[in-house]
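Trainee: Based on what follows, work out the 3D shape:
(chains A and B)
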Amino acid sequence: DAGITQSPRHKVTETGTPVTLRCHQTENHRYMYWYRQDPGHGLRLIHYSYGVKDTDKGEVSDGYSVSRSKTEDFLLTLESATSSQTSVYFCAISQEVDQPQHFGDGTRLSIL
Amino acid sequence: AQSVSQHNHHVILSEAASLELGCNYSYGGTVNLFWYVQYPGQHLQLLLKYFSGDPLVKGIKGFEAEFIKSKFSFNLRKPSVQWSDTAEYFCAVRKTSYDKVIFGPGTSLSVIP
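Mentor: Purely as a prediction, here's the structure:
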């Protein structure tokens, strides 16, 4: 399996609090992605990065921000969490845009 | 809007039955196509991919998929399923001029021993 670590693996927090999820890779892949997985919606892209400090929005980016200060780390931040952001979040990496993505184990986030 | 649809939300089969899961997309032009599998409690794993060439693609664990450009389809098949194939299956499409991959909503497969 590709070297991808997501932390934390589980988190429960309250509405209005900030939350940061971390994705760490040891593969030196250029592309990193954050998805959320919800029943009936499959995976939806939140944000992605194509290099250090290079990021772009996905289809469900509202309420989320990201940062990539070094190749191996891609952070997803919920500035003020809402209950609609309760989901399972997956990080993925790919060597180049046209290569298959490899996924982390996911973070289960519950916002009460 | 660009989209990926999967025909079946939930499929239930007996062991040894044949499987076909449908996937259609709405983009024109050149695409990269993928099928991923997610076993219960695990992350997504790549089953197979199509970039170009032979439209019949063979993947891991006996799965194959056929790209039919005229139908904008990339259906997944397996001649004889096993209980261990119980999982969620996701079709994904990337238009080659874009960075983003769009995933379908998934099909849950349950195989009964």
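Trainee: okay, CA-based contacts and neighbour counts for the rest of this
Mentor: OK.
Trainee: Which neighbouring elements make contact with the longest strand anywhere in chain A?
Mentor: Secondary structure of chain A read by DSSP state E shows that its longest strand is strand A:42-51. Contact here means 3 or more Cα pairs under 8 Å, 6 or more residues apart in numbering or on different chains; DSSP states H and E; on that basis strand A:42-51 packs against strand A:31-38, strand A:54-57, strand A:64-70, strand B:102-103.
Trainee: try 7 Å this time
Mentor: strand A:31-38, strand A:54-57, strand B:102-103 (3 or more Cα pairs under 7 Å, 6 or more residues apart in numbering or on different chains; DSSP states H and E).
Trainee: CA-only coordinates of the second one in CSV, if you can.
Mentor: The one in question is strand A:54-57. Taking C-alpha atoms only, strand A:54-57 is exported to CSV below (Å, rounded to 0.1, in the frame of the first residue of the first chain):
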residue,chain,number,x,y,z
ASP,A,54,-0.4,25.1,-5.4
THR,A,55,-4.0,24.2,-4.6
ASP,A,56,-7.4,24.4,-6.4
LYS,A,57,-11.0,23.9,-5.5
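Trainee: Mean confidence (pLDDT) on it, please.
Mentor: For strand A:54-57, mean pLDDT rounds to 94.
Trainee: what distance separates it from the centre of its chain?
Mentor: 12 Å (Cα atoms, centre = their mean, to the nearest Å).
Trainee: is that strand up against chain B anywhere?
Mentor: No. Contact of strand A:54-57 with chain B (Cα under 7 Å from any Cα of the partner chain) is absent, the minimum separation being 9.6 Å.
Trainee: who's in contact with stretch A:33-53?
Mentor: Contact with stretch A:33-53 is made by A:30-32, A:55-61, A:67-71, A:87-93, B:103-106, as judged by Cα atoms under 7 Å, 6 or more residues apart in numbering or on different chains.
Trainee: Can you give me the neighbour number for the residue in chain A that chain B sits nearest to?
Mentor: Across chain A, the shortest distance to chain B (Cα to the nearest Cα) belongs to A:Gly42, at 3.8 Å. Neighbour count for A:Gly42, taken as other Cα atoms under 10 Å in any protein chain shown: 21.
Trainee: Relative to the host helix or strand of A:Leu76, what are the paired strands and their orientations?
Mentor: If you go by DSSP states H and E, A:Leu76 is part of strand A:73-78. Here strand A:73-78 is paired, per DSSP bridges, with strand A:19-25 (antiparallel), strand A:64-70 (antiparallel).
Trainee: What would the last one look like as CSV? C-alpha coordinates only.
Mentor: If I follow you right, that is strand A:64-70. Written as CSV, here are the backbone C-alpha positions of strand A:64-70 (Å, rounded to 0.1, in the frame of the first residue of the first chain):
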residue,chain,number,x,y,z
TYR,A,64,-13.1,24.2,3.6
SER,A,65,-9.6,25.5,3.2
VAL,A,66,-6.4,23.6,2.5
SER,A,67,-2.7,24.2,2.8
ARG,A,68,0.4,22.5,1.4
SER,A,69,3.6,23.9,2.8
LYS,A,70,5.7,20.9,1.9
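Trainee: Could you count how many residues lie near the residue nearest to B:Phe103 when sequence neighbours are not counted?
Mentor: Distance criterion Cα to Cα, 6 or more residues apart in numbering or on different chains; nearest residue to B:Phe103, sequence neighbours excluded, is B:Ala92 at 4.2 Å. Applying other Cα under 10 Å, we find 27 other residues in the vicinity of B:Ala92.
Trainee: measure B:Ala92 to A:Lys53 for me?
Mentor: The spacing between B:Ala92 and A:Lys53, counted by Cα to Cα, to the nearest Å, is 26 Å.
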